[in-house]
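Visitor: after the sequence you'll find the predicted model.
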Amino acid sequence: MFDITLATWQILVIKIIVILTVVPVGALVGGYAEHKVMAHLQHRLGPMYPGGFHGWATTLADGIKFLYKEDIIPAAADRKVFSLAPAAIMVPIIMTYLVIPIDRALIVEDLDVGIFYLLAVGSLSTIGLLMAGWSSANKYALIGALRSAAQLIAYELPIVLAAVVVAMLAGSLSLIDIVETQNWPFAIWPPGIGFIAFLLFTVGAVAEMTRVPFDMPVAESEIITGPFTEYSGMRYIFAHMFAEMGHMVAFGGIGATLFLGGYQPIVPIPFLDFIPGVIWFSAKTMFMIFLFLWIRPTFPRVREDQLQKFAWKFLIPVGLALVLVTGAWVLYV
Amino acid sequence: MAVIEKVKLPGPASWLLNWSRKYSLWMMQFGLACCGIEMGAAIASKFDIIRFGVIPFPASPRQADLLVVAGTVTDKMAAPIKRVYDQMPEPKYVISMGSCANCGGPYWDSYAVTKGVDQIIPVDVYVPGCPPRPEALLQGVIRLQQKISGENPSEKWLGHTTPIPVIPEPGLAGGV
Amino acid sequence: MAVDEHRAPRTTESDDARRLVKARRPGFGIGLLKGMAVTLKHLFKHNTVIQYPDEKQDLSSRTRGVIALKEENCTVCMLCARECPDWCIYIDSHKETLAPKREGGRPRKRNILDRFAIDYALCMYCGICVEVCPYDALFWSREFEYAEYDIRELTHEKEKLSDWMASVLPPPALEEGAEYPGSPTRAPEVADGAAAPVKPVQAEASDAAAGTPERRGAQAAPLGTGGRPADAGAPKEAKPDVGPVPGRQAEAAPAPEGAEPAAAEAPPVQEEEQQAAPSQEQAPGPEPTAEDHAGPGGRTETASPEVLGIQMGAEPASPSPRESTETPSPEVLGIQMGGGPAPSPGAGEDAVGAPEEAETRTPQEGPDPEEVARLQETPGPNVEVPNEEPKPTALDPTEDPKEVYEAVLSDQLAKGSSPEVAEARAKVARVKAERGIARNPGVATKEDS
């Protein structure tokens, strides 16, 4: 298409710029979508005046304002760790964007172990949360950090098992391969298996993002804002807002890739091929994000023990059984 | 902050900063009495304070820009209010909602009530009422936004006390 | 059998219990889906937001938004300031001495309002000041948008308070079947709430009245034996020819909310009197009645003397005060003193149109009876002498109190009053008859003297 040859470092720079642009923009758009969708689900309107047209600039205003808000570091805090924690939370989330295929040719890095990389990187932000909670010198922050660590570990497993199911069906760990091998009734094929894996993934993703109903780590009625209690200004927006929204968009993309056929048309009709894969991918990602946003105003927060029981006693056994069934399916069908 | 304090901001930058503060007022709710109910009504579906960019989510004062003191400030509660205010990062704003928070109101001769929250923290907008209607709080927010859009950021953070000109806006909060 | 008995109640378990049992059954996540369906449904419903600055709610007419001041009505009586639980009303005034109305009269003094401020930062919006105001100077407005940057700016002076009058709603419509204020059985003036302050004065005055029979003669109003002249002036209040109804009266009708509470308080007495009155009089004069109906502003002449006295006190601006002022008997004057005197609206500049309400509110020192008498006989140049004959207002002196008692009692009972009420009214009538007080000044005309 373009007859341009670029040096490796040039390509790298471009990729970095793209990723560093996509993530905050995705986070801002995701934040705006969250405001609006949640508001309309609650008979409200959400932001209307910021920016003029339906409050489109509300998260932009948030971003600018938080950038220059006073940056408070508590006197008793461990300054270095406290300062580093937002980066430790944010970087793994940015890294997940690397391997999500937006189109056949639009992928930052097509790793052969894409799904493995995704899962490995995804659990790294737990460390950042622990750092934030521990260094804040605040008991609520510490409780929140421990809760989030326990929760992320517990809900990482259903996601892993769901992803394993997908990888087994595809016979590959590369996300491009996974997308290509998926066929029409994406999420519900093979019968039962795909759909259950999708549910496992969705529940696990909501919990990973510490969103309602699994938002025990940041339960404001119990522990203020959890690990982010002492964060203000720019650090807060990176540690919490951008991280949460970026996480949400990333999980939307992952879900679309693993279960909804990624950039493939939603129904296998040749007529629809003229629509670029980016559109299909975006639509599916938005559907996943809407699902996450839809869940938030619908369900009340669960208790910490219910949260853990649900993961260890229900989701993980179901996931393990699903892996067995999938193995049988792959072998004998 | 340091840069902003030392350098005179050019107009567009100043406008941008004011605009962002104006439409991103994360609101710390300090409901203390019946005014707190009205504040809740202002947040809820019928009035939906989030339309103005006033986001009532933050649970920690570290992330809040706007403190709404709604209700009777008893002497015992004065200390926590002061503390919450001190925990908020600059730039921060305070709305005093209702007669009790304004200057004691019905408890003007009570031994246990602080006669106005402005005795302990600076207040930007006083919303009268007992309790004020939810719309009255919204109007207080609009007045606060008008005030913010007329601020000089460097002056505010240097602690200057020059009176701030208020830029009246047609249509109140409408527009960018 | 024991088992069956034990089970028996379970077959009749309540709906709640059944629902509970159902809820505890494993649902396999169906409940979650139902919940999500609910929120999804709301996504497509129209939202309920009132977008405040752009669209405004139609607030209730009784909304307590802000207290507006009708400055012309304020007499600086300080009742509101004294009744305010928060002491948030600040009133300053000074006294001015005005030239006498006519040659040789006493100089009049009146209070001029200098400052009327309400500290809305302190106000608790209880509305006591609005209710207590005897002159309908304070009203509730639905305005609520007056947040300020400085707490000192929340103390609003009378100019601002007067501006808010523009947003005061007209009074609510009368209920279906309610009598129009102009009907003879109602005395809207009483609604002013001045009844309390006036009454004691009235009582005092009635004693003094006995000594001035010649005044009654001069007035050509038969006052009966010991007559309470309060009624003498009253009938004229309703005369159609008295000219424009001055401000207070004119707005008494529109001025709604302030007047309502007081009115609620007053009517019982008033209505009793009014009901009783017509029945006592064997032959109420048709002419006055007709005039009553035609009376401006719904004045009523059928009210009993007390009511009229109250009216006069509370309603200084009424067009007829001229008559009252000239009424020979000191009682009337005493009443006027108590309730606030009545300058003559028909006189001088008042006649031009816009009545000076401030002046009408001015307390006036009671002139001594002789002076009044002299004035009556030789009215000053600015006095508009009514061209009608004064209405006879007193009872037939020959009326027997016992007969009156019986007549009223039976009449009341026939009207359906309870025995207690009927008896009370009859007693009132009897006492009045004994003392020669007109029970119904408007119609009580047996004979002209």
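Guide: Looks like it arrived, so ask away.
Visitor: in the chain, where is pLDDT below threshold?
Guide: All of this refers to chain A. Across chain A, the ranges flagged by pLDDT under 70 are A:1-4, A:183-190.
Visitor: that's the wrong chain, I meant chain C
Guide: Those would be C:1-13, C:26-27, C:180-398, C:438-449, if you go by pLDDT under 70 across chain C.
Visitor: would you map out the domains in it?
Guide: Following automatic domain parsing, chain C resolves into domains at C:1-48, C:66-165, C:187-225+C:268-287+C:300-385, C:401-448.
Visitor: for the stretch 51-200 of chain C, which segments are assigned as helices?
Guide: Secondary structure of the stretch 51-200 of chain C (DSSP state H, counting those that start in this stretch): helices located at C:79-83, C:128-132, C:158-163, C:195-209.
Visitor: please apply the same query to chain B.
Guide: B:2-6, B:11-22, B:34-43, B:75-87, B:98-103, B:134-149, B:153-158 (DSSP state H).
Visitor: hang on, A:Thr58 packs against A:His35?
Guide: Yes. Here A:Thr58 reaches A:His35: they are 6.2 Å apart, a contact under CB atoms under 8 Å. C-beta coordinates here come from the backbone N, C-alpha and C atoms, glycine included.
Visitor: of those two, who's got more company?
Guide: Neighbours per residue (other CB atoms under 10 Å in any protein chain shown) separate A:Thr58 from A:His35, with A:Thr58 holding more: 27 against 24.
Visitor: the more buried one: what's it in contact with?
Guide: A:Gly31, A:Tyr32, A:His35, A:Pro47, A:Pro50, A:Gly51, B:Tyr23, B:Ser24, B:Gly53 (CB atoms under 8 Å, 6 or more residues apart in numbering or on different chains).
Visitor: mind doing that once more with 6 Å?
Guide: Residues counted as contacts of A:Thr58 (CB atoms under 6 Å, 6 or more residues apart in numbering or on different chains) are A:Pro47, A:Pro50, B:Gly53.
Visitor: got a markdown table for the residues you listed, with neighbour count and distance to A:Glu156 too?
Guide: Putting the contacts of A:Thr58 into a markdown table (neighbours: other CB atoms under 10 Å in any protein chain shown; distance: CB to CB, whole Å) gives the following:
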| residue | neighbour count | distance to A:Glu156 |
| --- | --- | --- |
| A:Pro47 | 28 | 34 |
| A:Pro50 | 29 | 36 |
| B:Gly53 | 31 | 36 |
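Visitor: and these near chain C, which?
Guide: The subset of these within reach of chain C, by CB under 6 Å from any CB of the partner chain, is empty.
Visitor: tell me which of the residues you listed is nearest to chain C?
Guide: A:Pro47 (11.8 Å; CB to the nearest CB).
Visitor: ok so, going back, what's the overlap in contacts for A:Thr58 and A:His35?
Guide: A:Pro47.
Visitor: grab the longest helix from chain A for me.
Guide: Chain A, longest helix under DSSP H: helix A:8-41.
Visitor: quick check, that one touching chain B?
Guide: No. Helix A:8-41 is not in contact with chain B by CB under 6 Å from any CB; minimum separation 6.7 Å.
Visitor: how far out from the middle of the chain is that helix?
Guide: 12 Å (CA atoms, centre = their mean, to the nearest Å).
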